[in-house]
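Colleague: Sequence first, predicted coordinates after that:
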Amino acid sequence: AQTVTQSQPEMSVQEAETVTLSCTYDTSESDYYLFWYKQPPSRQMILVIRQEAYKQQNATENRFSVNFQKAAKSFSLKISDSQLGDAAMYFCAYRSVDNNDMRFGAGTRLTVKP
Amino acid sequence: EAQVTQNPRYLITVTGKKLTVTCSQNMNHEYMSWYRQDPGLGLRQIYYSMNVEVTDKGDVPEGYKVSRKEKRNFPLILESPSPNQTSLYFCASSLYSGGSSYNSPLHFGNGTRLTVT
């Protein structure tokens, strides 16, 4: 079964600075999808960004971008110009094409300092 | 508004008292799933359903039941809750028709905080 590892339980960043959250995964599949979700204190799960494994180009959504390294099975999230509203728990997720199964990492709690 | 509606938001119960957490989606999604979220463990899948009358176990199905009699509804049933089922529960749904729909993200409900004493 696929596993997703987020090795940073907590991270902090100064407002307006850039921070990178790490995610690695283990799979034998060649095609799959990767996601980052944000969970603010309201506990709502919000999709931040997604990446198709067959695409070499890294996904970007405004201040959020990913560094997808397929060979290394790495999928890090970069947040530029951090804002106070970015403070949340961030979950990395892997979705299998074979069975539609989605697996999550343990999460990284991001604190943004004013 | 497209959404996944999950109820109740908070629930406190006692050991052994059967309970149901409801989940409904209005997006005509084939795929629905239940997760529990625990500190340091992230979200772990309990059960999922590919379509009506098709359900399967996730990683932590013990102590839970589900049913999918209608496309829009996917209730989670705890026949005899125990304190180790105290957790934050999420229902989620997405498209599932093969091909490019695999990149369809999960749409989540607002969660149910369950406490079993």
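Modeller: That came through fine. Residues are numbered from 1 along each chain as shown, chains lettered A, B, ... in the order given.
Colleague: A:Thr18 contacts A:Ser82, doesn't it?
Modeller: Yes: the criterion here is CB atoms under 8 Å, and A:Thr18 meets it with A:Ser82 at 6.9 Å. For every residue, glycine as well, the C-beta is placed using N, CA and C.
Colleague: Secondary structure element for the residue most central in space within chain A, which one?
Modeller: With distances taken as CA atoms, centre = their mean, the residue of chain A nearest its centroid is A:Trp36 (3.5 Å). Assigned by DSSP states H and E, A:Trp36 belongs to strand A:32-39.
Colleague: For chain A, which residues are neighbours of chain B?
Modeller: A:1, A:4, A:6, A:9, A:33, A:35, A:42-45, A:47, A:50, A:52, A:91, A:93, A:95, A:97, A:100-107 (CB under 8 Å from any CB of the partner chain).
Colleague: one more time with 7 Å
Modeller: Proximity of chain A to chain B, by CB under 7 Å from any CB of the partner chain, involves residues A:33, A:35, A:43-45, A:47, A:50, A:52, A:91, A:95, A:97, A:100, A:102, A:104-107.
Colleague: More neighbours: which of A:Thr18 and A:Ser82?
Modeller: Higher neighbour count among A:Thr18 and A:Ser82: A:Ser82, with 20 against 12, using other CB atoms under 10 Å in any protein chain shown.
Colleague: beta partners of the spatially closest residue to that one that is not a sequence neighbour?
Modeller: Ranked by CB to CB, 6 or more residues apart in numbering or on different chains and with sequence neighbours excluded, the top spatial neighbour of A:Ser82 is A:Val13, at 4.7 Å. Listed beta-bridge partners, A:Val13: A:Val112 (assigned using DSSP bridges).
Colleague: how deep is residue 10 tucked in, by neighbour count?
Modeller: Just going to use chain A. 10.
Colleague: looking at chain B here, not the other one
Modeller: 9.
Colleague: Name the residues linked to it by a beta bridge.
Modeller: Judged by DSSP bridges, the bridge partners of B:Tyr10 are B:Arg113.
Colleague: my read: it touches B:Arg113, true?
Modeller: Yes: between B:Tyr10 and B:Arg113 there is a contact at 5.0 Å, judged by CB atoms under 7 Å.
Colleague: Output the contacting helices and strands for the helix or strand bottoming out on mean pLDDT in chain A.
Modeller: In chain A, no helix or strand scores lower on mean pLDDT, DSSP states H and E than strand A:102-104, which sits at a mean of 89. When contacts are defined as 3 or more CB pairs under 7 Å, 6 or more residues apart in numbering or on different chains; DSSP states H and E, strand A:102-104 sits against strand A:3-5, strand A:88-96.
Colleague: out of the ones you listed, deepest packed?
Modeller: Of all the helices and strands packed on strand A:102-104, strand A:88-96 has the most neighbours on average by mean count of other CB atoms under 10 Å in any protein chain shown, namely a mean of 23.
Colleague: returning to what we had before: reformat the helices and strands packed on strand A:102-104 as JSON lines; add mean pLDDT and distance to B:Glu53.
Modeller: Output for these, formatted as JSON lines (pLDDT from 0 to 100; distance: least, CB to CB, whole Å):
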{"stretch": "strand A:3-5", "mean pLDDT": "94", "distance to B:Glu53": "30"}
{"stretch": "strand A:88-96", "mean pLDDT": "94", "distance to B:Glu53": "22"}
